[in-house]
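In: Here is a sequence with its predicted model. Questions after.
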Amino acid sequence: MATAVGTVGQTTEHSKIWEWMTTVDHKKIASLYGVTGFTFFLVGGIEALLVRTQLARPEGTVLDADLYNQLFSTHALTMIFLAIMPLGASFFNYFIPLQIGARDVAFPRLNALGYWMYLSGGLMLTLSFFFGGAPDGGWFGYAPLSTTAFAPGRNMDFYTVSLLILGSSSLIASLNFVVTIINMRAPGMTMMRLPVYMWMTLVVAFLLVLSLPVVTVGLIQLYFDRNFGTNFFTPATGGDPILWQHIFWIFGHPEVYVLILPSMGIVSEVLPVMSRKPLFGYAAIVFAGAAIGVLGFGVWSHHMFTTGLGTVPQVVFSASTMAIGIPTGIKIFNWLGTMYGGNIRFTTATYYAVGFIALFTIGGISGVMHASPAVDTQHQDSYFVVAHIHYVLFGGAIMGIFSGIYYWFPKMTGRFLDETLGKVSFWVMFIGMNMTFFPMHFLGISGMPRRIYTYESGLGWDTWNLVATIGAYIMAFGVLLFVINFFKSMRQPQTAPDNPWGGSTLEWATSSPPPEHNFDVIPEVRDRDPLWYNRDHGIELPPKPEHMHIHMPPPSYYPLIIGAGVTLVGLGLLAHLGVAVAGALVVVYGVWGWALEPTD
Amino acid sequence: MAAAHEVQHHTSTGVDNRKLLMWVFLASECLFFGTLISTYLIFKGNSLVGPLPEEILDIPLTSLSTFVLLMSSLAMVLAVYGAQHGQLGLMKGMLLATILLGLTFLGFQVYEFRTFGSEGLNLTTNQFGASFFVLTGFHGLHVGIGVFYLTSLLIGSMRRNGLGRDRDLWVDTAGLYWHFVDIVWIVIFTVIYLMPH
């Protein structure tokens, strides 16, 4: 551990659990995010399987309407906030310092605090099932369905409070990532030499920094409506339910890009390495990613075409939504151009990356369809939209994350995942995914509304619902194969070389897994693909110095204390404000201890 | 250790990490207050019952509290000057002045909230009450956090080692926060008190 100042490699006797609880090492925090995020991915998957089981046959009796509402709402919240975003944060944490050539993130303790607050919000959201009921108003929590008149229980209070905590967690993580990428780059690593994955991370972090405060205000207003008697979203007293929709989607649409851009970044790393060619059109893909980020703030009302916005807003938001298809299309051609003429290695990571391109394109095309208000009015609240978002989020985001897992697993653990089992699990997931979600296009077109807990026979929906449910179980089996693969690999010896795929970015210039200080000597960057440049110009990495005086930040338990204080504040907002005050005092104590703690 | 410190303080842009963090955080805060101010503007004129803003707002009184907050920014500037030029007495005195002026502003706000309450305006009365109290309340919370922040620095500066070698950075970064909260108040004051109803 890094308690030893000035030297590396000394260890002190601490229990393993305490070591993990006080760690500020970005790689350990990444592991915490990854394992927790994947666990929540399984929880969200089980919720989805229950939903699909209920819908397998008409007049299903597995779930009642109330539990069904809780399950589809928490499925969305879990997958978005507790699985895909943290899995993204896991890779960000692990690879930002390694790819830009730094020893850690800019604020290691803030990084730990982000994880503990994520865990706190995640547990609060999930355990709400056992404390009076989980959120049941959808992940969008539309007023007035989320107001006390229609949601009298604690369900939607769990929604506001846990999302406020999760939002704060994402905000501090994003602030940290922005500062790290802008300020901690290795010598020679100019902005236009950053790996594309770093660019996408930077765009995502800015999206979160600028969109989370908006939904924070909305959640505070909803909490006040429900608990302090304000009427922000209650029409009877002059409030406006449409205001909630605007506030939510000004956050909610950038959030969609928060989910997909990291996977676009991963694919942009995997494809050049596996095609043994530099990325085709680096500048175009970077600017396209930034353009998606900027345009992402100007399209939110396409979620609200049926609320009666009027002609001019409909035209404007229709045009901006179509415009966002252009940078997305540019990226797809960049990836195809990267593979074209390349000497492609079909590893499991390549399979997932190519699967990503194919499935995301389908989801992207069905998305652009909804840029037309006329088409959108037909599809609104139908299963067609469910098909669209799952092609984007499972076919896109999750496929990209799996590509990243197979690609970076040797770097993170020193071990390889089994390629054969990986490819089998890819095909099982791919087939299951298409079986589940493609029929939902047909269901939507034939009029099946989303979020209904059951349906009558004879409406023409029976067959495709059954197919979709069978597909969901196949998909789950594919994920299970990955879990088996993971545990199988973790029992193997650490045999991975430094650069098993012949990668070009800096994370491959250090050992697998990397030492705590990442690089014995901070590398000098001379090109966009630094390791390929060094290889082609015969530049050797500097040898390991005999005496290293590397100062790493010591572990700290203050992030844990502040995290506990925030949890108390959250519980207080749900139960009794006195508890919240006590929690605030714990936070104050933690902040003071934090500020006075020596880090040198 | 000297070399380690150099490594620690070297950044790609030359701006210290902590200061950059504050700038990016303030960008986020712009959207936070932007949403609250938008909500206020959207509900302007939507109240179904009184008291309405024109009946209850005391513009001369709030102009006075606005002046107090503006003067606190002047004191903050002088505190940063003191920190940067090694004039520790000036720095401590001006930090104290900023804190006291901030507390005075909060006192005005408590008085205003209590007066409005006794005149029948609270969170639940109408759209004006809800959006006014939530907007100015969260601004007041920011001033309160600022007072806590500056008080911590003042206490820190009285230790044997003072604020250490990063003294000017600590005070400068706190100043960024304080001026931001002040500027937001100027927008809020204009929108709520000065724009015609």
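Out: Now that the structure is in, tell me what you want to look at. Everything numeric in this text was worked out from a predicted model, so none of it was measured.
In: Just give the number of residues close to residue 65.
Out: Answering for chain A, as no chain was given. For A:A65, the neighbour count with other CB atoms under 10 Å in any protein chain shown is 12. Every C-beta, even on glycine, is put in place using the N, C-alpha and C of the backbone.
In: ah, I was thinking of chain B
Out: Residues near B:S65, counting by other CB under 10 Å: 20.
In: what do you get for B:G144?
Out: Other residues close to B:G144 by other CB under 10 Å number 16.
In: A:K411 now?
Out: 23.
In: Name the nearest residue to A:P542, sequence neighbours excluded.
Out: Among residues not flanking A:P542 along the chain, A:V521 sits closest, at 4.6 Å (CB to CB, 6 or more residues apart in numbering or on different chains).
In: so which strand or helix has that neighbour?
Out: Using DSSP states H and E, A:V521 is not contained in any helix or strand.
In: Can you verify my assumption that it contacts A:L541?
Out: Yes: counting by CB atoms under 8 Å, A:V521 touches A:L541, with 7.5 Å between them.
In: what about A:T347, distance to A:G337?
Out: Counting by CB to CB, to the nearest Å, the gap from A:T347 to A:G337 is 20 Å.
In: do the same with A:R491
Out: Taking CB to CB, one finds A:R491 at 40 Å from A:G337.
In: The two: who's more crowded?
Out: Higher neighbour count among A:R491 and A:G337: A:G337, with 18 against 7, using other CB under 10 Å.
In: so what are the domain limits for chain A?
Out: A:16-556, A:565-600 (automatic domain parsing).
In: Figure out which of those domains is closest to B:L41.
Out: domain A:16-556 (11.1 Å; CB to CB).
In: which intervals of the chain have sub-threshold pLDDT?
Out: Let's take chain A. Residue ranges of chain A with pLDDT under 70: A:1-14, A:599-600.
In: Please refer instead to chain B.
Out: Within chain B, the ranges that satisfy pLDDT under 70 run B:1-9.
In: Now with 90, please.
Out: Low-confidence segments of chain B (pLDDT under 90): B:1-11, B:14, B:45-50, B:54, B:159-166, B:195-197.
In: which residues of it fall in helices?
Out: Assigned helices in chain B, in chain order: B:2-9, B:17-42, B:53-56, B:59-84, B:88-118, B:127-157, B:167-189 (criterion: DSSP state H).
In: same question, the stretch 51-200 of chain A
Out: Secondary structure of the stretch 51-200 of chain A, counting by DSSP state H, counting those that start in this stretch: helices at A:65-77, A:85-100, A:108-127, A:155-183, A:196-227.
In: returning to what we had before: can you tell me which of the domains of chain A is most buried?
Out: domain A:16-556 (a mean of 20; mean count of other CB atoms under 10 Å in any protein chain shown).
In: so how far is that domain off the chain centroid?
Out: 3 Å (CA atoms, centre = their mean, to the nearest Å).
In: OK, contacts around the nearest residue to A:L261 once chain neighbours are set aside?
Out: Among residues not flanking A:L261 along the chain, A:M200 sits closest, at 4.6 Å (CB to CB, 6+ apart). Shown in contact with A:M200 (CB atoms under 8 Å, 6 or more residues apart in numbering or on different chains): A:L261, A:P262, A:M264, A:G265, A:S268, A:G289.
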